[in-house]
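>>> Quick one, fold the following:
(2 chains)
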2 protein chains.
Amino acid sequence: MKSQQATQVVLASRPATARASLENFRVETTAMPVPGAGQVLLRIDTLSLDPYMRGRMNDVRSYAKPVEISEPMAGESVATVIESHAPGFEPGDMVLAHTGWRSHAAMDTAGLKKLDIDGIAPSAYLGVLGMPGFTAWSGLEVIGKPKAGETLVVGAASGPVGSLVGQLAKLAGLRTVGIAGGAKKCAYLIEELGFDAAIDHRSPSFAQELQAACPDGIDVYFENIGGAVWNAVLPLLNQYARVPVCGLMAQVSGKLERDASTDHLAATMRAVLTRSLQIRGYINYEFTEQYFDAFLREVGTLLREGKIKHLEDVTVGLENAPQAFLDMIDGRNFGKVVVQIATT
Amino acid sequence: MKSQQATQVVLASRPATARASLENFRVETTAMPVPGAGQVLLRIDTLSLDPYMRGRMNDVRSYAKPVEISEPMAGESVATVIESHAPGFEPGDMVLAHTGWRSHAAMDTAGLKKLDIDGIAPSAYLGVLGMPGFTAWSGLEVIGKPKAGETLVVGAASGPVGSLVGQLAKLAGLRTVGIAGGAKKCAYLIEELGFDAAIDHRSPSFAQELQAACPDGIDVYFENIGGAVWNAVLPLLNQYARVPVCGLMAQVSGKLERDASTDHLAATMRAVLTRSLQIRGYINYEFTEQYFDAFLREVGTLLREGKIKHLEDVTVGLENAPQAFLDMIDGRNFGKVVVQIATT
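Presented below is the predicted three-dimensional model:
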């Protein structure tokens, strides 16, 4: 039985500071979308919340357009087709779609991807088999070029990107060191994910602990934090170290900031030159065409074989998405953050 | 007739500030070196002066060991064998050797490279066909990956590295913009080397002029300056831009410095992330084994065909090497700086 109303979360205002707040969001009730010719009506089952969304709340040049005020927040979800006017799609089909933060969406089918859910939980396609997983895999394989015996350090290591980076590096024979916030996450890295060491970035002796955990220096630093963590990593980078940069959570959240009254760039460039470092920013879609199928095959197999673990942090109800998002930006999540919307 | 005395220039003291001075050097007369079994005695004809030598005057971790106090300054030269106790080397052979700043040297032959001087001036092996030339070629080809129609910007563009980078890029079909100090060098870039534009980094409107010279942004920035120039380049870098870093002259010389009371790293890392930039430091010898022969073939051919120009800035007499070196660090040279030592 189809409801007559739908729900969406829109951007009410742009954050005035680095820290976003609940006031920046508004939950709205709208009429149920009506699919046109060639479209399908989707019921969104699970919405993905990801750090990149914070950047889209700002009106600045980035790798994607900002969300407009009063428009739904952008986002990807796993959804079920409940009405189809498009060839090749039937009610009941499960798809991956860029729906935004909504309970229902009427969409063209060009951007939809039907899901193979044989032995795979559909929501895995939002995490370990989706954008975060591919971000981890492509940054590690294409830029990081890990070699057995090397040392890899990854930030936000209990998150969906970092946890896969660490597990893949460990499987490839690297010494694997994770950075995370708090003792619980650090214990999880070692006990559940098999990291060789885990360092709490909240520790006052963080830099010394990181150094002690990397007796042979760092060959691959998977950068998704930025800020003060970088200053601790920089002196440990070995000659020819590779630094894939897929996020700068500290800079977008206003946490873990560096002293802004000193130019840290000079020391960084000196290290780049004298140690032949490679620093390479990337967005996963740069590599989609060339590598996504290989990623799905490789990580899908590891997942079905139980060689990769992944964790979801589930919030129930679209109206709770803003708080779950803010918690994630503050590092209070534990695992891939998703919002369960449909209750059928 | 062999002299009984030799001359050398040693490091008298380490520079107390970024700017080195004449007091940091000492010219000494020594006994003529005596070659042992398996060694040759070299008469140094032409000594190369290069920016990297400034770094070796400091006692800091770098890509090469510092020069010790009272030891001869390190350096490469073109030399003639005048006495041989080594198989395969005869008096009269011309070689490339790491002799240091000396008039004569007794050396093992393992590090010597015999020169093919057919149609090539021997001193070219210190510049366009030597370390600076290979630095230019390898950084451009291996890291810069230039594509026809793109825009390349290179700093210190009238120098031995920059001038070859620009000419190779132009031959590859790129829009080529050079940065240099002063109107004379800028005119040379356009009139003699065929650059599309040349910007004087001493101009008060440098950043605006650079932007105007790059209407389609920058795809390859060949970094050998650092400092304030980087801040003007950063906003112009296109998505997927490549930045080979082979020198940071501004940082070692204390010129063209950035405002040190602001953290420029945050903006740089944000650009790296949002525009998928690649910043890659390198020392030419990383690529020697794989690419040096290809470089010699390609650039040697261009040189013999007159398609590449190169300029030497010649100082006569080893005792004048310190002043010539300081002038080069201050950007007062014009072309590859060499010191002519032997007067035979």
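
>>> Any idea which helix or strand in chain A has the lowest mean pLDDT?
The helix or strand of chain A with the poorest confidence is helix A:249-253; it has a mean of 60 (mean pLDDT, DSSP states H and E).

>>> Would you tell me what the next helix or strand after that helix is?
helix A:265-274 (DSSP states H and E).

>>> Quick check: mean pLDDT of that following helix?
Helix A:265-274 shows a mean pLDDT of 91.

>>> Contact residues of chain A facing chain B?
Listed as neighbours of chain B in chain A under the rule C-beta under 8 Å from any C-beta of the partner chain: A:55, A:61-63, A:223, A:226, A:230, A:239-240, A:245-248, A:251, A:258-266, A:268-283, A:286. Heads up, the C-betas are built off the backbone N, CA and C, glycines and all.

>>> Let's test this: mean pLDDT of the helix ranked longest in chain A, rounded?
The residue-count maximum for a helix in chain A (DSSP state H) belongs to helix A:288-304. What helix A:288-304 shows for mean pLDDT is 94.

>>> Show me what counts as buried in stretch A:200-211.
Across stretch A:200-211, burial judged by 16 or more other C-beta atoms under 10 Å in any protein chain shown covers A:200-201, A:206-207, A:209-211.

>>> meant to ask about stretch A:35-51, not that
Quick answer for stretch A:35-51 (16+ other C-beta under 10 Å): A:35, A:39-51.

>>> Over to stretch A:214-224?
Judged by neighbour count using 16+ other C-beta under 10 Å, the buried positions of stretch A:214-224 are A:214, A:217-224.

>>> same check, this time on stretch A:19-33
A:20, A:24-25, A:27, A:33.

>>> sorry, back to before: what separates the longest helix of chain A from the chain centre, distance-wise?
Here helix A:288-304 is found 17 Å from its chain centre; the criterion is C-alpha atoms, centre = their mean, to the nearest Å.

>>> Kindly report the same for stretch A:137-151.
How far stretch A:137-151 lies from its chain's middle: 18 Å, per C-alpha atoms, centre = their mean.

>>> do stretch A:195-205 as well
Centroid displacement of stretch A:195-205 relative to its chain, using C-alpha atoms, centre = their mean, is 21 Å.

>>> Likewise for stretch A:152-166?
10 Å.

>>> Can you give me the end-to-end span of that stretch?
Taking C-alpha to C-alpha, to the nearest Å, stretch A:152-166 runs 8 Å from one end to the other.

>>> same question, stretch A:108-124
Start and end residues of stretch A:108-124 are separated by 23 Å (C-alpha to C-alpha).

>>> Name the residues of it that come out as buried.
Buried residues in stretch A:108-124, defined by neighbour count with 16+ other C-beta under 10 Å: A:109, A:112, A:115, A:120-124.

>>> so can I have TSV of those residues showing distance to A:Ala294?
Below are the buried residues of stretch A:108-124 laid out as TSV (distance: C-beta to C-beta, whole Å):
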residue	distance to A:Ala294
A:Thr109	25
A:Leu112	22
A:Leu115	18
A:Ile120	17
A:Ala121	22
A:Pro122	22
A:Ser123	22
A:Ala124	17
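
>>> Max pairwise distance over these: which two?
For the buried residues of stretch A:108-124, the maximum inter-member distance is 23.4 Å, found between A:Thr109 and A:Ala121 (C-beta to C-beta).

>>> And A:Ala156, what's its pLDDT?
For A:Ala156, the pLDDT comes out at 89.

>>> Next up, the contacts around it.
Counting by C-beta atoms under 8 Å, 6 or more residues apart in numbering or on different chains, A:Ala156 makes contact with A:162, A:179-180, A:224-225, A:247, A:249, A:331.

>>> between those residues, which has the most around it?
A:Ile179 (30 neighbours; other C-beta atoms under 10 Å in any protein chain shown).

>>> Apart from its neighbours in sequence, what residue is nearest it?
Spatial nearest neighbour of A:Ile179, excluding adjacent residues (C-beta to C-beta, 6 or more residues apart in numbering or on different chains): A:Gly155 at 4.7 Å.

>>> Now A:Thr315: phi and psi?
Per-residue torsions, A:Thr315: phi -110, psi 140 (degrees, to the nearest 10).

>>> Let me see the contact set for the closest residue to A:Thr268 other than its chain neighbours.
Distance criterion C-beta to C-beta, 6+ apart; nearest residue to A:Thr268, sequence neighbours excluded, is B:Leu265 at 5.6 Å. For B:Leu265, the contact set (C-beta under 8 Å, 6+ apart) comprises A:230, A:258, A:263-265, A:268.

>>> Quick check: the farthest pair among the residues you listed?
Maximum distance among these (C-beta to C-beta): 13.5 Å, for A:Trp230 and A:Asp263.

>>> In helices, which of the buried residues of stretch A:35-51 appear?
Among the buried residues of stretch A:35-51, no member lies in helices (by DSSP H).

>>> Rebuild the residues you listed as CSV, extending it with pLDDT.
Putting the buried residues of stretch A:35-51 into CSV (pLDDT from 0 to 100) gives the following:
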residue, pLDDT
A:Pro35, 96
A:Gln39, 97
A:Val40, 97
A:Leu41, 97
A:Leu42, 97
A:Arg43, 97
A:Ile44, 97
A:Asp45, 96
A:Thr46, 97
A:Leu47, 97
A:Ser48, 96
A:Leu49, 96
A:Asp50, 91
A:Pro51, 85
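
>>> Considering those, which is situated nearest to B:Val337?
For the buried residues of stretch A:35-51, the residue nearest B:Val337 by C-beta to C-beta is A:Pro51; the value is 49.7 Å.
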